[in-house]
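S.K.: sequence and predicted structure are below.
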Amino acid sequence: MITVRRATPDDAPAIISFQQAMAMETEGMELKSDLITMGVMAVFHDPGKGQYYVTEEMNRVVASLMITYEWSDWRNASVWWFQSVYVIPEYRRKGIFRVMYDHVKMEGMECGIAGLRLYVESGNVRAQKTYEAMGMNGSHYRTFEWMVCPEPRKDDTDSFHTPRVTGYPPERPQDRRTARPQDRKTARLQDRKTARPQDRKTA
């Protein structure tokens, strides 16, 4: 019998393995075990981040998803977003996601949500047809994003640092004023080397 329930920390190992498998299947990306473990456990430690659901058959977890929350000021209610949906290969095309969708939808309506949303890759036509068959509308919005590429670095204590963003922050005018005299001289020479002939005449 297929059952859907809210996940507990005991389900974390299955959820972590599912996310690693999905990243490899969909993007050829190997998720670092330490990083994904911290990411999954953060949801269990802080319910404001989201809620995991799992599907079981005969006490075996065969699928999972995460719900995150978006506040809609227009509707004075939350919109629930489906994230991190994964069904193990042998249970795909058997209606597992539909069962999970119906369960989450019913629970959300009891909580007074404004609606449900998810995003799907533009080329994944099969998934789009599945969502349309469940009554979801994909023509109202387009999703745009800007994402930081994580560059996790470990120190001697094996802890992760904040990812670096190359090229940020940009140089500010006051940075030159506070530079050492020799640095300012070098900068002026470099500026003159790259200036156009007519600019050097007026410099």
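M.R.: Perfect, thanks for sending it. Numbering: from 1, shown residues only.

S.K.: which parts of the protein are helices?
M.R.: Using DSSP state H, the helices of the chain run over 12-27, 33-45, 96-110, 125-133, 173-177, 181-194, 197-202.

S.K.: would you single out the least confident of those?
M.R.: Within those, the least confident segment by mean pLDDT turns out to be helix 173-177, at a mean of 45.

S.K.: break the chain into its domains for me.
M.R.: The chain breaks down by automatic domain parsing into domains covering 2-133, 176-202.

S.K.: wait, what's in contact with residue 108?
M.R.: Under the criterion of C-beta atoms under 8 Å, 6 or more residues apart in numbering, the neighbours of residue 108 are 67, 80, 116. The C-beta positions use only the backbone N, C-alpha and C, and glycine is treated the same way.

S.K.: residues in contact with the strand ranked longest in the chain?
M.R.: Of all the segments of type strand in the chain, defined by DSSP state E, the longest one is strand 60-72. Residues from elsewhere that reach strand 60-72, judged by C-beta under 8 Å, 6+ apart: 7, 11, 14-15, 18, 43, 48-56, 78-88, 91, 96-97, 100, 104, 108, 114, 117.

S.K.: buried ones in it, by neighbour count?
M.R.: Residues of strand 60-72 classed as buried: 61, 62, 63, 64, 65, 66, 67, 68 (neighbour count, 16 or more other C-beta atoms under 10 Å).

S.K.: list just the nearest of the residues you listed to residue 74.
M.R.: Using C-beta to C-beta, the shortest approach to residue 74 within the buried residues of strand 60-72 belongs to residue 68, at 18.5 Å.

S.K.: would you mind naming the residues that bridge with the closest one?
M.R.: With DSSP bridges applied, the residues forming beta bridges to residue 68 are residue 81.

S.K.: returning to that earlier point: quick one: buried ones out of the contacts of strand 60-72?
M.R.: For these, buried by 16+ other C-beta under 10 Å: 7, 11, 14-15, 18, 43, 50-56, 78-82, 84-88, 91, 96-97, 100, 104, 108, 114.

S.K.: show me what contacts residue 15?
M.R.: Residues near residue 15 by C-beta under 8 Å, 6+ apart: 7, 40, 52, 54, 64, 84.

S.K.: same thing with residue 82?
M.R.: 65, 66, 67, 101, 104, 116, 117, 118.

S.K.: TSV please, covering the domains of the chain and showing distance to residue 146.
M.R.: Putting the domains of the chain into TSV (distance: least, C-beta to C-beta, whole Å) gives the following:
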stretch	distance to residue 146
domain 2-133	14
domain 176-202	29
